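Asker: Could you work out the structure for the sequence below:
(2 chains)
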Amino acid sequence: MTLFQKKRRNILPGFGLSMGYTVFYLSAIVIVPLSMIFFNTIPMGWEPFIHAVTAPRVLASYRLSFSTALFAALFDGGVGLLTAWVLVRYRFPGRQFLDALVDLPFALPTAVAGICFATLYSPVGWLGETLTKWNIEIINTPTGIVVALIFIGFPFVVRTIQPVLEEVEQEIEEAAQCLGATRWQTFRKILLPHLFPALLTGSTLAFARGIGEYGSVIFIAGNLPMKTEIAPLMIMSKLDQFDYAGASAVALVLLVISFSMLLLLNAVQEWQQKEYR
Amino acid sequence: MLKPQPPESTLIVKKRISDPLPVQIVLIGLTLLFFIGFIFLPLGLVFAQAFSKGWEYYLEAIREPYAIESVKLTLTTVAIVVPLNAFFGVTAAWAITKFNFRGKATLKTLLDLPFAVSPVIAGLIFVLLVGSRTPFGSWLGEQGIKIIFSTPGIVIATLFVTFPFVARELIPLMEAQGRDEEEAALTLGARGWQIFGKITLPNIRWGLLYGMILCSARSIGEFGAVSVVSGHIRGQTNTIPLHVEILYSEYNFAASFAVASILVFLALLTVGVKVTLEKQFQKNSFHH
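Answerer: Model prediction:
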């Protein structure tokens, strides 16, 4: 237990009990179950592992999951910045209502979001009917997946930018204006660099969530092999065939990528905090 | 997390530089357009579809025995998962915020781990751990204990997915409050549980409540993880979202959206409660 040694004298009671329970529960619910991915992949050996994760269908699913999550995160970055700006800076009727609804994608079960978008964009749906006339296909295409992921990732961006934007001191903007900067220059040269770390954090969170998302995507995606099969669906179909090793291998790659993205994000944030102090 | 906001009036007192009115109108318009396409239309669609065959059909769809069984299973899951994760959240937040020890940052990162895991992988790991084809799972099977494709599997997968919610709400809150009040109580002779019950718990009650609401919302709505471990047996291992999926894949859209409308109602309730709790929290933090 050298890892959890006491550094300073702690006078409040309950350290051993609360720390012991925390470590126990964490291990039982998270660490031990997650380690099963490794224990099921290791006996495979190197070559079958590589074979499993580089099969054309699997590679296509990785590519699809990454590209759609990336497009959705970029779109969310733009629309999230816009929404945060409008909600923080402007006063208009219904503002608080919109502000509350930003959290809806967090609260709405993903399956419900999935069937909503699939129905909305189906050839007879409210939006799909018009789009079909213009020869734009959304359902059963990567575009449809992006639409679902935009919805899922949107609150991450708004909720990380909002607090930063609220704390920007208006004096800085006033000073820029006194020095003759136009409003657009002030935004681009003063505000945007200040908001950028939050924008990056929010978009990365949306991206990480998008890679693993399942419920909202499978209904609109159509799940056509090589075309609209996302990586989590590959895990699902390998499980259905009782190919546990294959499923673990696909999952391992996905896990390593999402973890390293979040670690990278932590590193960037720490570096940013040092820059500001 | 819940954020205490300054009262609206202090924002207006100070004259802010703002954008020209046309710019404001265009930007607000664009935001509204996004909300219409991505929030209002999907919400409206749920109710339009749910009532597309009339009230009677709607009531029948949500009163049908399989629907009721799925509601029961979901409520059972919530009733087990939320107290367990809430108790853990309070314990972990106490250990992390009231003491200094090495490895604190690592422990905090580990608590967030389930957020970085795809729901499908969250289901997969429990199939690998206690599924009937694993050594441990087959031993449990011999003892007559079935976990995967049965209620316990749904409960543990949901425990994993909602694991960080309460701890995540409480840790920043308790870090901000510090430990002065607890230490003062200690010097006045209060015992451990008295300190917790009379000082800490009242201070964190809104954060705790909000964490539990988030935890319930996710427990009710979890789809990917539960879908892996459930086995989709109607009337036995179908939660509400799985029931919605089955009805949808049978092209029974009206019934599917009728059941989904219950979930939408709960989601809107969650969002509403958050706003209310934030106001409550704001009032409290100004009393201090």
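
Asker: what about residue B:73, distance to residue B:233?
Answerer: 10 Å (CB to CB, to the nearest Å). Using the backbone N, CA and C atoms, a C-beta is placed for each residue, glycine as well.

Asker: oh sorry, the question was meant for residue A:221
Answerer: When CB to CB is applied, the distance between residue A:221 and residue B:233 equals 25 Å.

Asker: Neighbour count for these two, which is higher?
Answerer: residue A:221 (24 against 11; other CB atoms under 10 Å in any protein chain shown).

Asker: need the contact list for the more buried one.
Answerer: If you count contacts by CB atoms under 8 Å, 6 or more residues apart in numbering or on different chains, residue A:221 has them with A:140, A:144-145, A:148, A:228-230, A:233.

Asker: With residue B:259 as the reference, measure out to residue B:248.
Answerer: In this structure, residue B:248 and residue B:259 are separated by 9 Å, where distance is defined by CB to CB.

Asker: before we move on, what about residue A:96?
Answerer: Here the distance between residue A:96 and residue B:259 works out to 30 Å (CB to CB).

Asker: neighbour count winner among those two?
Answerer: For residue A:96 versus residue B:259, neighbours defined as other CB under 10 Å are more numerous around residue B:259 (27 against 11).

Asker: Confirm that that one lies within a strand, as I assumed.
Answerer: No - read with DSSP: H, G, I helix; E, B strand; the rest coil, residue B:259 is helix and lies in no strand.

Asker: so it touches residue B:247, yeah?
Answerer: Yes - using CB atoms under 8 Å, residue B:259 makes contact with residue B:247 at a distance of 6.5 Å.

Asker: what do the two both touch?
Answerer: Listed contacts common to residue B:259 and residue B:247 are residue B:61; contacts here mean CB under 8 Å, 6+ apart.

Asker: Do a quick rundown of the helices in the stretch 1-150 of chain A.
Answerer: Under the criterion DSSP state H, counting those that start in this stretch, helices of the stretch 1-150 of chain A are mapped to A:15-26, A:32-41, A:46-53, A:56-89, A:95-101, A:104-107, A:110-120, A:128-133, A:142-167.

Asker: for those helices, which one sits closest to residue B:40?
Answerer: Within those, the stretch nearest residue B:40 is helix A:95-101; the backing value is 8.5 Å (CB to CB).

Asker: buried set for that closest one?
Answerer: Of the residues in helix A:95-101, those buried by neighbour count under the rule 16 or more other CB atoms under 10 Å in any protein chain shown are A:98-99, A:101.

Asker: near chain B, from the residues you listed?
Answerer: When CB under 8 Å from any CB of the partner chain is taken as the criterion, the members of the buried residues of helix A:95-101 that contact chain B are A:98, A:101.

Asker: export the buried residues of helix A:95-101 to a markdown table and tack on pLDDT and distance to residue B:175?
Answerer: Converted to a markdown table, the buried residues of helix A:95-101 look like this (pLDDT from 0 to 100; distance: CB to CB, whole Å):
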| residue | pLDDT | distance to residue B:175 |
| --- | --- | --- |
| A:98 | 96 | 31 |
| A:99 | 95 | 26 |
| A:101 | 96 | 29 |
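
Asker: Leaving out chain neighbours, which residue sits closest to the residue in the stretch 1-150 of chain A that chain B sits nearest to?
Answerer: With CB to the nearest CB, the shortest gap between the stretch 1-150 of chain A and chain B falls at residue A:109, namely 2.8 Å. Leaving out its chain neighbours, the residue that sits closest to residue A:109 by CB to CB, 6 or more residues apart in numbering or on different chains is residue B:221, at 2.8 Å.

Asker: pretty sure the one you found contacts residue A:112?
Answerer: Yes - contact status for residue B:221 versus residue A:112: in contact at 7.4 Å, counting by CB under 8 Å.

Asker: Common neighbours of the two, please.
Answerer: B:241, B:263, B:267.

Asker: So which of those residues belong to helices?
Answerer: B:241, B:263, B:267 (DSSP state H).

Asker: Pull the contacting residues for the first one.
Answerer: Applying CB under 8 Å, 6+ apart, we find residue B:241 in contact with A:109-112, A:215, B:220-223, B:226, B:263.

Asker: Angles on the backbone of residue A:214, please.
Answerer: Backbone geometry at residue A:214, expressed as degrees, to the nearest 10, gives phi -130, psi -60.

Asker: and if you look at residue B:144?
Answerer: Dihedral pair for residue B:144: phi 80, psi 20, per degrees, to the nearest 10.

Asker: which residues sit in contact with residue A:258?
Answerer: The contact partners of residue A:258, by CB under 8 Å, 6+ apart, come to A:208, A:211-212, B:116-118.

Asker: Just give me the closest of these to residue A:268.
Answerer: Proximity of the contacts of residue A:258 to residue A:268 (CB to CB) peaks at residue A:208, which lies at 13.4 Å.

Asker: need the contact list for that closest one.
Answerer: When the contact criterion is CB under 8 Å, 6+ apart, the partners of residue A:208 are A:258, A:261-262, B:116.

Asker: What's the mean pLDDT across stretch A:193-206?
Answerer: Model confidence over stretch A:193-206, given as mean pLDDT, is 91.

Asker: Can you tell me, leaving aside adjacent residues, what's nearest to the closest residue to chain A within the stretch 51-200 of chain B?
Answerer: Minimum separation of the stretch 51-200 of chain B from chain A (CB to the nearest CB) falls at residue B:118, amounting to 2.7 Å. Closest residue to residue B:118 apart from its sequence neighbours, by CB to CB, 6+ apart: residue A:212 at 2.7 Å.

Asker: Residue B:281 now?
Answerer: In space, not counting the residues next to it along the chain, residue B:281 is nearest to residue B:206; the distance is 4.7 Å by CB to CB, 6+ apart.

Asker: buried ones in the helix or strand encompassing that neighbour?
Answerer: Applying DSSP states H and E as the criterion places residue B:206 in helix B:201-221. When neighbours are counted by 16+ other CB under 10 Å, the buried residues of helix B:201-221 are found to be B:203-204, B:206-221.

Asker: Send me it as CSV with only the CA atoms.
Answerer: What follows is the C-alpha trace of helix B:201-221 in CSV, where atoms were taken according to Å, rounded to 0.1, in the frame of the first residue of the first chain:
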residue,chain,number,x,y,z
LEU,B,201,-24.1,15.6,4.3
PRO,B,202,-26.1,18.9,4.6
ASN,B,203,-23.3,20.7,2.7
ILE,B,204,-23.3,18.2,-0.3
ARG,B,205,-27.0,17.3,-0.4
TRP,B,206,-27.9,19.1,-3.7
GLY,B,207,-24.8,17.8,-5.4
LEU,B,208,-25.5,14.3,-4.2
LEU,B,209,-29.1,14.5,-5.3
TYR,B,210,-28.1,15.7,-8.7
GLY,B,211,-25.5,12.9,-9.1
MET,B,212,-28.1,10.4,-8.2
ILE,B,213,-30.6,11.8,-10.7
LEU,B,214,-27.9,11.6,-13.4
CYS,B,215,-27.1,8.1,-12.4
SER,B,216,-30.8,7.1,-12.5
ALA,B,217,-31.3,8.8,-15.9
ARG,B,218,-28.4,6.8,-17.4
SER,B,219,-29.5,3.6,-15.7
ILE,B,220,-33.0,3.9,-17.2
GLY,B,221,-31.6,4.8,-20.7
